[in-house]
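J.: need a 3D model of the sequence below.
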Amino acid sequence: MTPGCYDVTLTVTTDEGCTGTATVVSAVCVAEDPIPGFYWEPAQPTILDPTIQIVNISEGGTSYSYTFEQGTSSDENPEISFVGIDEETTITICQTVTSDLGCTADTCAQVVIYEDVIF
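T.: Just a heads-up that it's a prediction; the model follows:
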């Protein structure tokens, strides 16, 4: 359903064929879903420095939840350290954004933890 407010009209007909109508203006309002979004810094984390800072760029949210292979966070902009990684690895991070009316939306992204090149 498209976000916005909608009128509700009730029409009643008696057994004798008489009708009555009542309309309530803006009786039902549908809120917009929040728009999820995030990125991380540094953009290319490495095995030697596997810590990233999530930067929330979602819209319309009042609470946030992140899930990833090693745990969860409800911070808006969490710092996450991926410990125990010894080879290039791809990790999926999902963000769920909740609005003040309880509407939710989510998105996921894959973070690659790169091997360090040492000369």
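
J.: any idea of the mean pLDDT in the top strand by length along the chain?
T.: Taking DSSP state E as the criterion, the chain has its longest strand at strand 19-30. In this model, strand 19-30 has a mean pLDDT of 92.

J.: strand partners (parallel or antiparallel) of that strand?
T.: Sheet pairing of strand 19-30 (DSSP bridges) gives strand 4-13 (antiparallel).

J.: picking up where we left off before, now do the buried residues in the helix or strand that the longest strand of the chain is followed by.
T.: Downstream of strand 19-30, the first helix or strand assigned by DSSP states H and E is strand 38-41. Buried residues in strand 38-41, counted by 16 or more other CB atoms under 10 Å: 38, 40. In this view, the C-beta of every residue, glycine as well, is placed from N, C-alpha and C.

J.: residues making contact with strand 38-41?
T.: Strand 38-41 is touched from outside by 52-58, 66, 93, 95, 107, 109, 111, with contacts defined as CB atoms under 8 Å, 6 or more residues apart in numbering.

J.: returning to what we had before: and the longest strand of the chain, what's buried?
T.: Of the residues in strand 19-30, none is buried (16+ other CB under 10 Å).

J.: can I get it in CSV, CA atoms only?
T.: Once non-C-alpha atoms are left out, strand 19-30 reads as follows in CSV (Å, rounded to 0.1, in the frame of the first residue of the first chain):
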residue,chain,number,x,y,z
THR,A,19,-29.2,3.7,3.0
GLY,A,20,-26.9,5.7,5.2
THR,A,21,-23.3,6.7,4.6
ALA,A,22,-20.6,7.9,6.9
THR,A,23,-17.1,8.9,6.0
VAL,A,24,-14.1,9.3,8.4
VAL,A,25,-11.5,11.5,6.8
SER,A,26,-7.9,10.2,7.2
ALA,A,27,-9.1,7.2,9.2
VAL,A,28,-6.2,5.0,8.3
CYS,A,29,-2.6,6.3,7.8
VAL,A,30,0.1,4.2,6.4
